[in-house]
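Chemist: Next comes the sequence, and after it the predicted model I'd like to discuss.
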Amino acid sequence: MITARRATIDDAQELVRLRGVLLTTLNGHAPEPGPWQDEALRTLCRRLTEGVIEHRLGGPINPSGVIGYVFNVATDPSHRRRGYARACLEALLDWYHHRGVTVIELKASEDGESIYRAVGFEPTAARALRLTVVDRATSITRESGFA
């Protein structure tokens, strides 16, 4: 049986490396080294001490609006299919449970989806969209049709 432990700041650099493994799996190629790694390290150093529980507006499915988010579940290819990701996921779900979090979301890779479904995650009807703003003035002009 595998027992997962909570990551600490001492693990942050390795977690950034594993983020690269995840991005490689999702995108089909390794990400270029760059400022994203330093930013990820800073974010991890802050979040590893406090945890990640979000407080959104409540609704019928989640009246409290409290929500957990699973991010960056990644295993080196040579260590996959040994139960490490599952052990970490189970430990995180327990952590959320002890804090009263009843809704937990994630984005899954094709390879990882079966692990999440096995513990009860289901697809949602929500359609995710993303806007990457380089120049907000240009973005607003384009959206309003004034360009």
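Modeler: It's in.
Chemist: Would you confirm that residue 69 contacts residue 101?
Modeler: No: contact criterion Cβ atoms under 8 Å: residue 69 and residue 101 do not qualify, at 9.7 Å. Placement of C-beta: from N, CA and C, glycine included.
Chemist: Give me the more crowded residue out of the two.
Modeler: Legend: neighbour count by other Cβ atoms under 10 Å for residue 69 and residue 101, higher for residue 101 (20 against 15).
Chemist: what's the nearest residue to the more buried one if we skip its chain neighbours?
Modeler: residue 68 (4.3 Å; Cβ to Cβ, 6 or more residues apart in numbering).
Chemist: Let's see the pLDDT reported for that neighbour.
Modeler: On the pLDDT scale, residue 68 is placed at 96.
Chemist: How about residue 141?
Modeler: So residue 141 comes in at 54 (pLDDT).
Chemist: picking that back up, can I assume the residue nearest to residue 101 is in contact with residue 98?
Modeler: No: counting by Cβ under 8 Å, residue 98 is not a contact partner of residue 68; they are 11.4 Å apart.
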